[in-house]
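One predicted model, sequence on top.
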Amino acid sequence: MTINTAMKTGRLGIAMLVVAVVGSGCCCCWCHHAADAMPAPATAPVARVSENVVRFGTDGSATSADDPGAVNVFGEMKDIKAGPVRLVGDSNFQQHTFVEQGYDADPAVDATGKWLAFASTRDSQHSNLYMQRVDGTAVMQLTSEAADDAAPSFSPDGKQIVFASTRSGNWQIFTMDVSGKNVTQVTTGAMQAIHPTWSPDGSRLAYCCLGSRSQQWELWTTNLQTNEKRMIGYGLFPSWSPSREVDRIAFQKPRQRGSRWFSLWTLDVINGEATHPTEVVTSANAAILSPTWSPDGSRLAFATVMQPAQSVAPHSKGRTDVWVVNSDGADRQRLTDGTGTNLMPFWSGERVYFVSDRGGAECIWSVRADSGKAAALPVAAKKDPAAQQDASIRDPDR
């Protein structure tokens with residue numbers, strides 16, 4: 001979804017829930033605040049990271065009860081507008097999609113590295129799913145419902161796409177063939193379910209739900225053969241590691257309920273249960289959002305929003321960027337340059353794809369995963385774990 005869409009139509013259509021819900025552990029806002037949840041500061045809208053992001057927007061207001069709404073990177077729901085940005089001509093960056101109106105968001109690349117799926121409002125007020133070659137050719141529209149479709153993800157064998165949609169009345173998980181045919185609903189019920197991710201063998205899905213009782217974002221798994229569903233913890237925007245050596249899921253989680261200060265966590269799934277929860281990346285001055293694994297499962301990419309509790313203009317230098325880090329939290333490196341808003345990373349091959357308005361409209365770009373070496377940040381020595389955990393995400397150019 002677009003960086004703004006998340007806030008407006010569907011991710012980005014998933015109109016955003018309030019920070020209270022986000023604080024529960026997830027970003028997307030698809031539900032109402034819990035009675036005891038901490039409300040988002042009325043005078044402090046979040047960074048205008050995505051106005052049309054069908055999946056996750058960045059404003060803190062809740063939408064009406066009968067509107068599934070757009071969800072932002074903080075798990076909140078509401079419309080917002082993106083500001084002007086500078087054009088960039090760095091050869092490290094490559095633009096993959098182009099729109100004259102609307103936005104593109106939620107990039108996902110198949111295992112071959114040849115096909116790109118994404119959500120877009122280029123032809124409709126609602127976000128639909130599209131697929132094209134990564135070189136920008138052979139664009140195909142996969143869905144055209146009078147609802148919001150978002151967060152596509154290719155199955156490991158490349159034959160199916162799982163996605164979130166409001167076509168059944170609220171956000172639920174669906175699968176379909178890569179041709180857009182044979183759509184099957186995976187989840188049902190009153191809970192909003194978003195951001196699905198495949199297990200390495202393609203037999204299970206992980207996703208997040210806004211709990212009807214907890215009013216927090218919960219992590220769930222479902223077995224596609226048996227339809228068995230299990231809650232495995234609290235968190236938002238799960239990403240299943242492609243490595244078959246360990247069943248590991250990365251996700252974002254708030255430091256406290258109702259907070260926009262998210263950290264990056266991982267957990268292992270053993271016999272269907274969550275074990276070894278580990279906080280991998282945290283920052284004293286930025287929210288850590290939308291983790292995605294490298295193809296070998298050894299590293300993670302993520303986005304940051306500086307001072308998430310404050311109002312931040314999308315063109316502010318260093319405010320929203322994409323980073324990479326080792327799976328143990330070491331060797332953080334910044335890939336983007338602080339130009340425009342840079343969110344929703346997806347790692348494929350040697351490149352990290354992301355949504356950015358650096359060219360004016362919210363489109364999908366990519367950058368080499370090793371391009372951040374020159375901007376490597378100093379990290380506290382491992383002998384001082386506390387210092388390492390508190391290390392701030394800083395703009396090296398300042």
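Alright, I've got the coordinates.

what about residue 283, which SS state?
Three-state call for residue 283 (DSSP: H, G, I helix; E, B strand; the rest coil): coil.

correct me, but it touches residue 302?
No. If you go by C-beta atoms under 8 Å, residue 283 and residue 302 don't touch, sitting 10.4 Å apart. Placement of C-beta: from N, CA and C, glycine included.

strands paired with the helix or strand encompassing residue 352, and their directions?
Secondary structure from DSSP states H and E places residue 352 in strand 351-356. Its sheet considered, strand 351-356 pairs with strand 342-348 (antiparallel), strand 363-368 (antiparallel) by DSSP bridges.

pretty sure residue 194 is touching residue 170, no?
No. Checked against C-beta under 8 Å, the pair residue 194 and residue 170 is beyond contact range at 10.1 Å.

now residue 211: how far from residue 237?
For residue 211, the distance to residue 237 equals 16 Å [C-beta to C-beta, to the nearest Å].

again with residue 372
Distance from residue 372 to residue 237, by C-beta to C-beta: 21 Å.

Excluding covalently adjacent residues, which one is nearest to residue 361?
residue 99 (5.0 Å; C-beta to C-beta, 6 or more residues apart in numbering).

Shouldn't the one you found be within a helix?
No. Secondary structure of residue 99 (three-state DSSP): coil, not part of a helix.

which stretch of helix or strand covers residue 206?
Short version: residue 206 belongs to strand 204-210, going by DSSP H and E.

From the chain's centroid, how far away is the strand holding residue 352?
Here the centre of strand 351-356 is set off from its chain's centre by 11 Å, with C-alpha atoms, centre = their mean, to the nearest Å.

what do you get for stretch 346-356?
Distance of stretch 346-356 from the chain centroid (C-alpha atoms, centre = their mean) equals 12 Å.

before we move on, which element is residue 194 in?
Using DSSP H and E, residue 194 falls in strand 193-198.

I'd like the mean pLDDT over that strand, please.
Average pLDDT, strand 193-198: 98.

Using PDB, write out every CA atom in it.
Presented in PDB, the C-alpha positions along strand 193-198 are these (Å, rounded to 0.1, in the frame of the first residue of the first chain):
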ATOM      1  CA  ALA A 193      -6.800 -10.100  10.300                       C
ATOM      2  CA  ILE A 194      -4.000  -8.600   8.300                       C
ATOM      3  CA  HIS A 195      -0.500  -8.900   7.000                       C
ATOM      4  CA  PRO A 196      -0.200 -12.700   6.200                       C
ATOM      5  CA  THR A 197       3.200 -14.400   5.700                       C
ATOM      6  CA  TRP A 198       4.000 -17.900   4.500                       C
END
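
For it, which strands pair with it and how are they oriented?
Using DSSP bridges, strand 193-198 pairs in its sheet with strand 204-210 (antiparallel).

Identify the residues contacting the helix or strand just after the strand it pairs with?
Under the assignment DSSP H and E, the closest C-terminal helix or strand after strand 204-210 is strand 217-223. The list of residues contacting strand 217-223 from outside it, by C-beta atoms under 8 Å, 6 or more residues apart in numbering, reads 21-22, 24-28, 75, 173, 186-187, 193, 199, 203-211, 228-236, 238, 249, 251, 267, 269, 272, 274.

what packs against the helix or strand just after strand 217-223?
Downstream of strand 217-223, the first helix or strand assigned by DSSP H and E is strand 229-234. When contacts are defined as 3 or more C-beta pairs under 8 Å, 6 or more residues apart in numbering; DSSP states H and E, strand 229-234 sits against strand 217-223, strand 262-270, strand 273-281.

closest to residue 179 out of these?
Of all those, strand 217-223 sits nearest to residue 179, with 23.2 Å by C-beta to C-beta.

Report the buried residues of the closest one.
Across strand 217-223, burial judged by 16 or more other C-beta atoms under 10 Å covers 217-222.

Turn those residues into CSV, columns for pLDDT and distance to residue 336.
Output for those, formatted as CSV (pLDDT from 0 to 100; distance: C-beta to C-beta, whole Å):
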residue, pLDDT, distance to residue 336
217, 96, 26
218, 97, 31
219, 98, 28
220, 98, 31
221, 98, 32
222, 98, 34
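
can you put those in a markdown table and add distance to residue 111?
Formatted as a markdown table, the buried residues of strand 217-223 follow (distance: C-beta to C-beta, whole Å):
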| residue | distance to residue 111 |
| --- | --- |
| 217 | 28 |
| 218 | 28 |
| 219 | 24 |
| 220 | 24 |
| 221 | 21 |
| 222 | 21 |
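
Which two among those are spaced furthest apart?
Maximum distance among the buried residues of strand 217-223 (C-beta to C-beta): 16.3 Å, for 217 and 222.

what's the pLDDT at residue 73?
Here the pLDDT value assigned to residue 73 is 77.

So it, which state does it fall into?
Classified using three-state DSSP, residue 73 is coil.

got a list of what the residue lying closest to residue 264 once chain neighbours are set aside touches?
Leaving out its chain neighbours, the residue that sits closest to residue 264 by C-beta to C-beta, 6+ apart is residue 281, at 4.1 Å. Neighbouring residues of residue 281 by C-beta under 8 Å, 6+ apart: 263-264, 288, 300, 302, 325, 329, 332.

ok, residue 281 to residue 300 distance?
The gap separating residue 281 from residue 300 is 8 Å, by C-beta to C-beta.

so can I have JSON lines of the helices and strands packed on strand 229-234 showing distance to residue 360?
Converted to JSON lines, the helices and strands packed on strand 229-234 look like this (distance: least, C-beta to C-beta, whole Å):
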{"stretch": "strand 217-223", "distance to residue 360": "32"}
{"stretch": "strand 262-270", "distance to residue 360": "28"}
{"stretch": "strand 273-281", "distance to residue 360": "31"}
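
do you know which of those lies nearest residue 139?
Of all the helices and strands packed on strand 229-234, strand 217-223 comes closest under C-beta to C-beta, at 31.0 Å.

about what we covered before: which one's more surrounded, residue 372 and residue 237?
Remark: of residue 372 and residue 237, residue 237 carries more neighbours, 32 against 26, as counted by other C-beta atoms under 10 Å.

Against residue 146, how distant is the more buried one?
Counting by C-beta to C-beta, the gap from residue 237 to residue 146 is 26 Å.

go on, residue 366?
Taking C-beta to C-beta, one finds residue 366 at 32 Å from residue 146.
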